Structures are given as structure tokens and as C-alpha cells.
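Chemist: Predicted coordinates and the sequence they were generated for:
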Amino acid sequence: MLFILIIAALLVFGGIYYALDPSASSVFPRCTFLSLTGYKCPGCGSQRAIHSLLHGDVATAFRHNALLFIAVPWIGLCAYAESRRTRNPRLYARLNAPLLIWLFMAIILIWWLLRNIFNW
Amino acid sequence: MQYWINHNGKQFGPMDLDSLKELHLTSAAYVWHEGLPGWIKITQLPELQGLYEMDGEPVATATQPLDATQTQSTRDQAVMGQPYQQPQYASDQQASPAEPCPPTNLGWAIAATVLCCIPVGIVAIIYALKVTNKYREGDIEGAKRASETGAWWCIASIILGIICQPLMSMLPAIMGMGM
């Protein structure tokens, strides 16, 4: 049931992000953090990146938000491990090992810092 | 293989089999190694048989050789079904009486950080870390609390993202009207 809901939500949002270009349309929300502080948040550009990705333009997507290329597979892996937890508890345990979580947090923080320094 | 031990409220490890012998454990100890979904009783791991005392009565210490019955039962268990490999395939509950690790919400935390435009999702990631650490220390209650708090941070991040973003889009208009 939850699985169907998630797939449905993904399809709906996928359709919206495919049809409309976030950099040209005003219906898409602007980043709160960017508006408040003037600094980019780790997720800035992900809407435009998703739009580009859905149109097969990987290079542009990467320019909008490179973190997405790590985060999305990682989230997918987490979801997969969660759904297979009873069958394969080892994968879940490995994925949630402190070292890996630290690593991901470090990636996010460094990305956040660098993108504001170099204006990525 | 590295083992973690939880005995009388204290935690030891990671350590190998040889160091385990020096701990003078009893059958009340819990043990964990990579691949297990959670702490299990030391008596459930056949390869650790003879490394702990049963009900205060020494079964076999490190220096003594295993007695005949002990060896026999170890061999039986090893041949029949190989119980120490089961947790990998059985469900969390079936594998051990110890509780499985509460959800870390890591996927949600990452999604909240990357997609919600407010970096409070990072707090949820820190809580995911806390869940795993507390659980490995044997503090299941603490792990559960961290799991719940982390879940609330994820929810807060998503709700804030949904509420704030339209507000922020309207902000220039509101400010414009004020001026």
C-alpha cells in the first residue's frame, strides 16, 4: 500500500517536474534558506536538476546540483534496505553503520561549504 | 570475526575470540557481531560455547579443554542447521529475543536535507547516527528515543519546507505592498 502511494507520488511529481521548467516557471517554491540568508542550501538547484534529468540532460543536472547524484541513489538504497530488512538485515545494518552516516554528513557539509565558496 | 559484548550493563568490544576468554562472562551476557540484526544471548552463539559460565557454575574455562558432552553438543549444533548463520536469513524477531534496532530514518533524513531547502534535515541525520550508536551500546531505550526524535525532525523539516516555501515566494510581493 505504502509502496503504491510512493510510486504514485513519484509519478505525479515526475510529471510536474517534466512538464514545467522550474527556472522559467513561478509555481515552484524558491529555497527558503537562500531567500533568508543569501547562501545556497545543500539542496539548492535540485528542482532544476530533476527537470534536466527527466529530460535526459545529465550535464545540466550535474551543474544545478551535484549532490543529488549521490543523495538519490543513497536514498534509494536506504529504501531498498528498509523494505528488505527482514530478509537481509545485514544490508540494513551496514548501510546504517555510524561510519557511513558520518561519511554522508561530511559529504553534505563539505558540499554545502564549497558550493557557497565557489558558487557551484 | 569481531565481537561486541554487553555484560552486567557494561559494553566491551570489538574483540576477537581470544580476548573474549579473558572477560569471564556468564550466560547472562549478550553478544553482537556484524551481520546480526541485534544483541543476542551469548548462549545462542555455538562458536562461543565454553567461553562463559552457566549459572555461576563453570562449564569450561579458557585453559580447560572442553568436556565430552560440551564438544558433542557443539558439534551437533554445528552440523545440524548451523544456527549461527540463521540470523542472516530469518526475520529480526525470529533471529533473536533481543529487539531489532529501531528505524534510523536515514533515507528520510537525507531526503529532508537535500529536498526541503531548510538544512534542519542534518539534525535528523545526526539522530540517525545516535540511533545506531546507542543500539550498539546496548541502550535500546535510548536508541528508540533517538529514533523517534529523528523522525520528528524529518517531519518538521518536510512541513517547514512545505509551509515556508510558498511564504517565501510571496514575501517579495508582501514587502512590495508594504513599501
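Modeler: Arrived safely, thanks for sending. Values in this document were obtained by computation on a predicted structure and should not be read as measured data.

Chemist: for residue B:139, phi and psi?
Modeler: The phi/psi pair for residue B:139 (degrees, to the nearest 10) reads phi -90, psi 80.

Chemist: Tell me how far it lies from chain A.
Modeler: The gap separating residue B:139 from chain A is 14 Å, by CB to the nearest CB, to the nearest Å. Glycine gets a C-beta too; all of them are placed from N, C-alpha and C.

Chemist: what about that residue, neighbour count?
Modeler: If you count neighbours by other CB atoms under 10 Å in any protein chain shown, residue B:139 ends up with 16.

Chemist: Then residue A:119?
Modeler: Applying other CB under 10 Å, I find that residue A:119 has 7 neighbouring residues.

Chemist: next one: residue A:116
Modeler: Under the neighbour criterion other CB under 10 Å, residue A:116 is assigned a count of 16.

Chemist: got it, and residue A:12?
Modeler: Burial measure for residue A:12: 10 neighbouring residues, criterion other CB under 10 Å.

Chemist: Identify the residues contacting residue B:123.
Modeler: Residues near residue B:123 by CB atoms under 8 Å, 6 or more residues apart in numbering or on different chains: residue B:153.

Chemist: tell me the secondary structure for it?
Modeler: The assignment at residue B:123 comes out as helix when based on DSSP: H, G, I helix; E, B strand; the rest coil.

Chemist: Could you report the distance from it to chain A?
Modeler: 11 Å.

Chemist: Give the helix, strand or coil label for residue A:103.
Modeler: The local conformation at residue A:103, judged by three-state DSSP, is helix.

Chemist: where in the chain is pLDDT low?
Modeler: Reading this off chain A. Counting by pLDDT under 70, chain A has no low-confidence residues at all.

Chemist: That was the other one, I meant chain B.
Modeler: Checking chain B against pLDDT under 70 turns up B:55-98, B:117, B:168-179.

Chemist: Can you list the residue ranges for helices in it?
Modeler: Along chain B, counting by DSSP state H, helices occupy B:17-21, B:68-79, B:92-95, B:106-115, B:121-136, B:140-178.

Chemist: Report how many residues lie close to residue A:105.
Modeler: Residues near residue A:105, counting by other CB under 10 Å: 18.

Chemist: can you check residue B:126 too?
Modeler: By the criterion of other CB under 10 Å, residue B:126 has 17 neighbours.

Chemist: which residue packs closest to it, ignoring adjacent ones?
Modeler: residue A:105 (7.2 Å; CB to CB, 6 or more residues apart in numbering or on different chains).

Chemist: what do you get for residue B:150?
Modeler: Nearest residue to residue B:150 in three dimensions, chain neighbours excluded: residue B:127, at 3.1 Å (CB to CB, 6+ apart).

Chemist: isn't that neighbour right up against residue B:147?
Modeler: Yes: the pair residue B:127 and residue B:147 passes the contact test of CB atoms under 8 Å, sitting 7.5 Å apart.

Chemist: Give me the common contacts of the two.
Modeler: Shared contacts of residue B:127 and residue B:147, defined by CB under 8 Å, 6+ apart, comprise residue B:105.

Chemist: mind listing what's buried in stretch A:44-54?
Modeler: A:44, A:45, A:46, A:47, A:48, A:49, A:50, A:51, A:52, A:53 (16 or more other CB atoms under 10 Å in any protein chain shown).

Chemist: ok so, going back, run through the residues that contact the residue nearest to residue B:126.
Modeler: B:122, B:125, B:126, B:129.

Chemist: Now do it against residue A:19, distance only.
Modeler: Applying CB to CB, to the nearest Å, the value for residue A:105 to residue A:19 is 34 Å.

Chemist: so which of the contacts of residue A:105 would you say is closest to residue A:64?
Modeler: residue B:122 (20.8 Å; CB to CB).

Chemist: Please name the nearest non-neighbouring residue to the closest one.
Modeler: The spatial neighbour of residue B:122 that comes closest, neighbours along the chain excluded (CB to CB, 6+ apart), is residue B:113 at 5.7 Å.

Chemist: Regarding residue A:76, what is its secondary structure?
Modeler: Assignment for residue A:76 (three-state DSSP): helix.
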